[in-house]
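1. Dropping the sequence and predicted coords here.
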Amino acid sequence: MKTNRNQPEAFNRRKFLKGVTLTLGTTILGLPLLSMSQKSAESSVAAENESEQTGAQKRKLGIALVGLGQYSANQLAPALQETENCYLAGIVTGTPSKAQAWKTKYNIPAKNIYNYENFDEIAQNKDIDIVYVVLPNAMHAEYTIRAAKAKKHVICEKPMATTVADAQRMLDACRQNNVQLAIGYRLHFEPFHRRVMELGQKQVYGKVQQIEARNSGDQTNGSLDIWRLNKKLAGGGPLMDLGIYCVQGAIYTMGTTPVAVTAKFGEVTKPSYFYDVEQSISWQMEFENGVVATCNSSYADDENVLSSKAEKGWWKLSPSYAYEGKKGETSEGPMNLPNIYEQVKQMDSQAESFRRNKPSIVPGEMGLRDMKILMAIYESAKAGGKRVPIN
Ligand code: NAD
């Protein structure tokens, strides 16, 4: 995505905005808090308030990042220097040079540094409360399940897994071990997207009539040798990586899940890259009341939009999914909202939920729901655009 995962660690400028979401939280109170069942987990608007309370006297929860790639290095670790409810307590990496560099940079004790072989010993480590899985998609299931067996709460990056069966196994493992599982859906914690939830779900401009969502960007960095191009590791192409944000955006605009999808793969213009995963895909999500979300995602274009038209007005976010620089507009004028350091807000909120042994507003059930939709989109595209119902 053009969410610039290679951005340098220049986020301290956002510190001054840390308090702003408290205000936002209060503007969206009053929506019905639906249960966290799979069908209704998308209606997370009101639940945010629940995780707003910070426990100043309580100790910060320790997070161990598993996988020290771009997202961990450039977003999560810097964010964990600013979080109030959690901190970077440990790391899990297969690369000894990274272990040394991170140890020095973040002052991580040697006893909190693991590799993929001795990872299970983390069960004995009282400094680590949460394991945050930031590995290639196909590895999410193994490390989430191992973390759950070690009795650690888990945050797992999106997409939750590469198959519905894996997502279900992850959820089961967390339930069996009585730990919480949350997905790294950062946009649920961010003012522009929370405003979209409010506009759509509270029908501020009347009923939503149509939605458009496009998220595209070159994620290859000009390299053929990356896991994102390998179906076994990525589960698929831009749909899994970027399109998932469109799926999410349409669902939280509506506050309901789609009833069916239709999809079509795009043309392959760069076959040396896209021989295993799709280069681009377009799809429609059909909601119960006949509303259709028209979506597109590609590794070869550059688009970043979430927009809706309602009975009495419209709104549009663009850029929508980037870490920063979001812009929003409604039929009444520009959205006057701040860009915040959303990973700080996300992890603080999730840590607070875990501390209270409550589900995050973006629980594993939501990740499983989305996996079913992503797989239905692929099923439709493979079948030449057949309408696939979502169960
Ligand atoms: P990356 O390629 O930069 O990092 C992957 C890490 O996994 C590396 O440290 C690599 O060494 C390690 N790894 C371990 N085993 C590996 C294997 N067999 N093959 C390849 N790498 C292996 O990827 P990334 O961009 O940091 O993405 C990691 C996860 O985070 C993905 O699931 C991705 O979807 C997610 N992500 C989320 C966001 C977000 O905004 N929420 C942004 C970027 C990435």
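-> Sure thing, it's come through.
2. mind listing what whichever residue of the stretch 1-150 of the chain sits closest to the ligand touches?
-> For the stretch 1-150 of the chain, the residue closest to the ligand is residue 69, as judged by CB to the nearest ligand atom, at 1.7 Å. Where C-beta positions appear, they are placed from N, C-alpha and C, glycine not excepted. Each residue near residue 69 by CB atoms under 8 Å, 6 or more residues apart in numbering is listed here: 134, 135.
3. How about residue 132?
-> Under the criterion of CB under 8 Å, 6+ apart, the contact partners of residue 132 comprise 63, 64, 65, 66, 76, 154, 155, 156, 157, 184, 347.
4. Quick check: it vs residue 293, distance?
-> Look at residue 132 and residue 293: by CB to CB, to the nearest Å, they are 30 Å apart.
5. now swap in residue 142 and tell me
-> The span separating residue 142 from residue 293 equals 33 Å under the rule CB to CB.
6. go on, residue 97?
-> From residue 97 to residue 293 the distance is 45 Å (CB to CB).
7. Same check on residue 322?
-> As defined by CB to CB, residue 322 lies at a distance of 20 Å from residue 293.
8. now residue 209
-> Residue 209 sits 11 Å away from residue 293, taking CB to CB as the criterion.
9. Residue 258 touches residue 250, doesn't it?
-> Yes - using CB atoms under 8 Å, residue 258 makes contact with residue 250 at a distance of 7.2 Å.
10. So what's the residue count around the residue of the stretch 151-300 of the chain found nearest the ligand?
-> When distances are taken as CB to the nearest ligand atom, the stretch 151-300 of the chain approaches the ligand most closely through residue 157, which lies 3.7 Å from it. A count of neighbours around residue 157, defined by other CB atoms under 10 Å, yields 22.
11. Same check on the one 3 residues further on?
-> Residue 160 has 32 neighbours, counted by other CB under 10 Å.
12. now do residue 99
-> Applying the criterion other CB under 10 Å, we find 19 residues in the vicinity of residue 99.
13. Looks like it contacts residue 105 (just checking).
-> No - with contact defined as CB under 8 Å, residue 99 does not count as touching residue 105 (11.0 Å).
14. ok, longest helix in this protein?
-> helix 364-382 (DSSP state H).
15. CA atoms only: put that one into PDB for me.
-> Backbone C-alpha positions of helix 364-382 (Å, rounded to 0.1, in the frame of the first residue of the first chain) are rendered in PDB as follows:
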ATOM      1  CA  GLY A 364      -9.600 -12.500  16.600                       C
ATOM      2  CA  GLU A 365     -13.200 -13.100  15.600                       C
ATOM      3  CA  MET A 366     -13.000 -10.100  13.300                       C
ATOM      4  CA  GLY A 367      -9.900 -11.500  11.800                       C
ATOM      5  CA  LEU A 368     -11.600 -14.800  11.100                       C
ATOM      6  CA  ARG A 369     -14.700 -13.000   9.600                       C
ATOM      7  CA  ASP A 370     -12.400 -11.100   7.300                       C
ATOM      8  CA  MET A 371     -10.500 -14.300   6.200                       C
ATOM      9  CA  LYS A 372     -13.900 -15.800   5.200                       C
ATOM     10  CA  ILE A 373     -14.600 -12.700   3.100                       C
ATOM     11  CA  LEU A 374     -11.100 -12.600   1.500                       C
ATOM     12  CA  MET A 375     -11.400 -16.300   0.600                       C
ATOM     13  CA  ALA A 376     -14.900 -15.800  -0.900                       C
ATOM     14  CA  ILE A 377     -13.500 -13.000  -3.000                       C
ATOM     15  CA  TYR A 378     -10.700 -15.300  -4.400                       C
ATOM     16  CA  GLU A 379     -13.300 -18.000  -4.900                       C
ATOM     17  CA  SER A 380     -15.400 -15.700  -7.000                       C
ATOM     18  CA  ALA A 381     -12.400 -14.400  -9.000                       C
ATOM     19  CA  LYS A 382     -11.200 -17.900  -9.700                       C
END
